[in-house]
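> Just a sequence and a predicted model for now, questions to come.
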Amino acid sequence: WITYLTEAEEGNPTTYLYNAGQDQTTIFERGDDPQFTADNAFLIFVLHPDVEQEKALRRKGEKVESIDTLTVYHLKEGTFTKVPNAQKIQVPQKWSDWVFFTLEDDEDEKQHNLIAHQLSSGEQVILPAVDTYTLAEENAAVAAVSKGNDETSAGVYYLNIETQTWEAIHEQAGEYAQLEIGRRGQQVAFLADFDTTEQNIDYFDLYQWSVGASAVRKIVDRSDDFLPEGWLLSKNGNLSFSENGQRLAFGIAPTPLQEDTTLLPEEKVNVEVWSYQDEILYTRQELRAEREKRRTYTCLWLADQEVVLPLESPELPDSELSNEGNGRYAMLYTESPYQKSSSWDGASGRDVYLIDLQNGRKTLVEKNLQGRPDFSPGGKFLYWYSYPDTAWYAYPVSGQEKVQLTNNEMVPFYDELNDRPMHPRSYG
């Protein structure tokens, strides 16, 4: 089976399903976002309302409530299952027989229930009042946060696929953020603030739960020593388990400034301060302002040592882990010293470091590196294409000198047709 999508600049999308064995194509008008289940038994897509019909109703002055329909097509039997107004649809990528979506609650339109729909039987497992949910990548496992209702307590839940029941991981009202589940579904992590008093800032702690455990564990506290004074665990960071589940990345940030609510509108001052000496042009500062407000700095919780290792900092604000998060080393870098010159050079250099995750020791790789270094698949080397000398380099993480891999003598490794006032990019 092959599926593909065509989209007009104006009008309806169309999903196509091609049966290679029978050389036959089935067309689903208004079908969008098609995807197969992992066992290739079903095609799942969203059916949109007809654009022209909606326009006609609007011309008549009628109110239009656009409702999408989740559509499940059984490839072998040629039958459909349709669910109107399904939202937050997720299809597991590496496990089968389930599709997940939320539906508006019949009694409370402000709440949405999470529906776990089994494709083979049509059975559904429902969790009420769900804020957010996430699927494990490799194994059948789901975690969700529920606000709770008269029958279900607020908290974090885990779907037991075998028994088809939602099991409470932690039942407590509060503010939850950054729900994350391990790749194999064996552990769950989340940020939570259980202070229910009215406040402008959420002070989160980090919790972790493993399958078989009787309760969650608080693994990082808001008052832990690794946090700089005036910093907190941020909901703007991304919780992320390493591939083997032994490390958990999370974000910290300075406590955000709060607006003085005692001032009248005419008493508030709104100014923008900048100068020609700024690292970044004012136009770029404006574009990046909201992103910078949400900036966080990554730390790692190391399960084997049960300690936190700060990675990023204002001095080295960007990082990359090796070997899907399992590697011994991570890369840290900053472009700050070269931001100003990038406005006339057209590109920015980087100061690049390696950090040993076993002891926290940093090693300088290169100052003003003119390239975009990355780890080899096993995490044993950094490699990059250097724009000024159009050569590829490798750097062993064991700390040896960098090695030049190409020199353009036999064949060129750069774009020979480059006609722009900049260093040529690499081929490939």
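All right, it came through fine.

> Would you tell me what the next helix or strand after the longest helix along the chain is?
For the chain, the helix that runs over the most residues, judged by DSSP state H, is helix 282-293. Using DSSP states H and E, the helix or strand that directly follows helix 282-293 along the chain is strand 297-302.

> Retrieve the pLDDT associated with D50.
Note on D50: pLDDT of 87.

> got it, and the one 5 residues further on?
Residue-level confidence at K55 comes out at 86, pLDDT.

> That one belongs to a strand?
No. Per DSSP: H, G, I helix; E, B strand; the rest coil, K55 lies outside any strand segment and is helix.

> so S120 touches D97, yeah?
Yes. The pair S120 / D97 is scored as a contact, 5.3 Å apart, by C-beta atoms under 8 Å. Any C-beta I mention is one placed from the backbone N, CA and C, and that applies to glycine too.

> So for the two, which residue has more residues nearby?
Between S120 and D97, counted using other C-beta atoms under 10 Å, the more crowded position is D97 (17 against 12).

> On the strand side of things, show who F80 bridges to.
Note on F80: beta-bridge partners by DSSP bridges are Y73.

> Give me the pLDDT for it.
F80 carries a pLDDT score of 90 in this model.

> same question, the one 5 residues further on
On pLDDT, N85 comes in at 90.

> I figured it was touching I67, is that so?
Yes. With contact defined as C-beta under 8 Å, N85 reaches I67; the gap is 5.0 Å.

> between the two, which one's more packed in?
With neighbours defined as other C-beta under 10 Å, N85 and I67 compare such that N85 has more, 14 against 11.

> Name all residues that make contact with that one.
67-69, 103-104 (C-beta atoms under 8 Å, 6 or more residues apart in numbering).

> Equivalent analysis for V72, please.
V72 sits next to 42-44, 80-83, 99, 119 when contact means C-beta under 8 Å, 6+ apart.

> Would you mind measuring from it to A86?
With distances taken as C-beta to C-beta, to the nearest Å, V72 is found 10 Å from A86.

> ok, P373 touching V365?
Yes. At 7.4 Å, P373 and V365 qualify as touching, with contact defined as C-beta under 8 Å.

> what sits in contact with each of the two?
By C-beta under 8 Å, 6+ apart, P373 and V365 have these common neighbours: 331, 352, 382, 395.

> Show me which of the residues you listed is closest to I280.
Of all those, I280 sits closest to V352, with 20.0 Å by C-beta to C-beta.

> hang on, the earlier thing: which of the shared contacts of P373 and V365 count as buried?
For these, a burial check counting by 16 or more other C-beta atoms under 10 Å picks out 331, 352, 382, 395.

> ok, for the third one, nearest residue in space, not its chain neighbours?
Read it as L382. Leaving aside its chain neighbours, L382 sits nearest to Y395 (4.3 Å; criterion: C-beta to C-beta, 6 or more residues apart in numbering).

> about what we covered before: out of the contacts of V72, which are buried?
Neighbour counting with 16+ other C-beta under 10 Å marks 42-44, 83, 99, 119 as buried within the contacts of V72.

> Next one: the residue nearest to L382 relative to E366, how far apart?
For Y395, the distance to E366 - C-beta to C-beta - is 8 Å.

> Mutual contacts of the two, please.
Counting by C-beta under 8 Å, 6+ apart, the shared contacts of Y395 and E366 are K402.

> where exactly do the strands run in the stretch 301-428 of the chain?
Secondary structure of the stretch 301-428 of the chain by DSSP state E, counting those that start in this stretch: the strands cover 307-310, 318-321, 329-334, 350-356, 362-369, 374-375, 381-386, 391-396, 403-404.

> and those as TSV, adding mean pLDDT?
Conversion of the strands of the stretch 301-428 of the chain to TSV gives the following (pLDDT from 0 to 100):
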stretch	mean pLDDT
strand 307-310	95
strand 318-321	96
strand 329-334	96
strand 350-356	95
strand 362-369	94
strand 374-375	96
strand 381-386	96
strand 391-396	95
strand 403-404	94
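
> Got phi/psi on the residue minimising distance to the centre of the chain?
Centroid check for the chain by C-alpha atoms, centre = their mean gives N238 as the closest residue, at 6.7 Å. Backbone dihedrals for N238, given as degrees, to the nearest 10, come out at phi -110, psi 120.

> contacting residues for it?
N238 makes contact with 178, 249-251, according to C-beta under 8 Å, 6+ apart.

> can you rerun that using 10 Å?
N238 makes contact with 178, 180, 249-251, 296, 298, according to C-beta atoms under 10 Å, 6 or more residues apart in numbering.

> likewise E229?
The neighbours of E229, taking C-beta under 10 Å, 6+ apart as the test, are 254-255.

> got it, and T134?
90, 100, 141-145, 178-181, 188, 190, 239.

> So what are the sheet partners of the helix or strand containing it and their directions?
Element membership of T134 [criterion: DSSP H and E] is strand 130-135. Using DSSP bridges, strand 130-135 pairs in its sheet with strand 142-146 (antiparallel).

> From the contact counts, what lies against the helix or strand following the partner strand?
The helix or strand immediately downstream of strand 142-146 is strand 155-160, counting by DSSP H and E. If you count contacts as 3 or more C-beta pairs under 10 Å, 6 or more residues apart in numbering; DSSP states H and E, strand 155-160 packs onto strand 112-118, strand 124-127, strand 130-135, strand 142-146, strand 165-171, strand 175-181, strand 187-193, strand 205-210.

> Any buried residues in strand 155-160, and which?
In strand 155-160, counting by 16+ other C-beta under 10 Å, buried: 155-159.

> and what of stretch 270-287?
Residues of stretch 270-287 classed as buried by neighbour count (16+ other C-beta under 10 Å): 279-280.

> Select the helix or strand of the chain having the lowest average pLDDT value.
None of the helices or strands of the chain scores lower by mean pLDDT, DSSP states H and E than helix 339-345, at a mean of 83.

> Against which helices or strands is that helix packed?
Counting contacts by 3+ C-beta pairs under 10 Å, 6+ apart, helix 339-345 packs against helix 282-293.

> which residues touch the helix it packs on?
Identification of contacts with helix 282-293 by C-beta under 10 Å, 6+ apart yields 236, 253, 256-257, 272-276, 278-281, 295, 339, 342-343.

> how about low-confidence regions in the chain?
Within the chain, no stretch has pLDDT under 70.

> Name the helix or strand for K88, please.
Assigned by DSSP H and E, K88 belongs to strand 87-90.

> The very next helix or strand once past that strand - contacts with which helices or strands?
Downstream of strand 87-90, the next assigned helix or strand under DSSP H and E is strand 98-104. Where contact means 3+ C-beta pairs under 10 Å, 6+ apart, strand 98-104 is packed against strand 42-47, strand 69-74, strand 80-84, strand 87-90, strand 112-118, strand 124-127, strand 130-135, strand 142-146.
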